[in-house]
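In: generate a structure from the sequence data that follows.
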Amino acid sequence: MTYVTNGGEYLPRPRKCRKVCSLPGNTEFVPKNGGRNQPVIVMTVDEYETIRLIDKQGFSQEECSNYMKVARTTVQLIYMSARKKIADALVDGMPLRIEGGDYRICDGKEEFCGCGGCRKHGYKSNKIVENREES
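Out: Reported below is the predicted structural model:
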């Protein structure tokens, strides 16, 4: 998709920032047997967040998209990219680093952010899952 600026210039549509609970505690993973001389696979913070929400927290892609404030199709693309990078790192024994991406950290201003641990709300990850199962 493109859009036209006031000057008539065609530019790509700006990317929407994805809401992320917090930065990951571990950002680099290196295989025990080798991997140090191989190229590093870089996973973005928003890709990490989709893995955390969908695979760890059990969110559906729709719930994940609502939390991250993006379309479900965007979450699908981010999630597929993240899983491909994880598969490449595991199967080929390559180092994985989490950094960058288009994201904003949860500011805790929402009544219930659903992120499982933002600083303001202080929720625990398992409490979020329990709340979701009750509804």
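
In: from here on, contacts and neighbour counts on C-alpha atoms
Out: Fine.

In: for the chain, which segments count as strands?
Out: Secondary structure of the chain (DSSP state E): strands located at 2-4, 10-12, 18-20, 28-29, 41-43, 96-98, 103-105.

In: those: which one's closest to residue 67?
Out: Ranking these by proximity to residue 67 (Cα to Cα) places strand 18-20 first, at 7.0 Å.

In: which residues touch that closest one?
Out: Strand 18-20 is contacted from outside by 45-46, 49, 67-70, 102-106, 115, using Cα atoms under 8 Å, 6 or more residues apart in numbering.

In: buried members of these into PyMOL, please.
Out: The buried subset of the contacts of strand 18-20, as determined by 16 or more other Cα atoms under 10 Å, is captured in PyMOL by this line:
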select buried, resi 45+46+49+67+68+69+70+103+104+106+115
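
In: now for the contacts of strand 18-20: which two are most distant?
Out: Longest span within the contacts of strand 18-20, Cα to Cα: 102 and 115, 17.4 Å.

In: output the contacting helices and strands for the biggest helix by length in the chain.
Out: Ranked by residue count and defined by DSSP state H, the top helix of the chain is helix 72-92. If you count contacts as 3 or more Cα pairs under 8 Å, 6 or more residues apart in numbering; DSSP states H and E, helix 72-92 packs onto strand 41-43, helix 45-51, helix 61-68.
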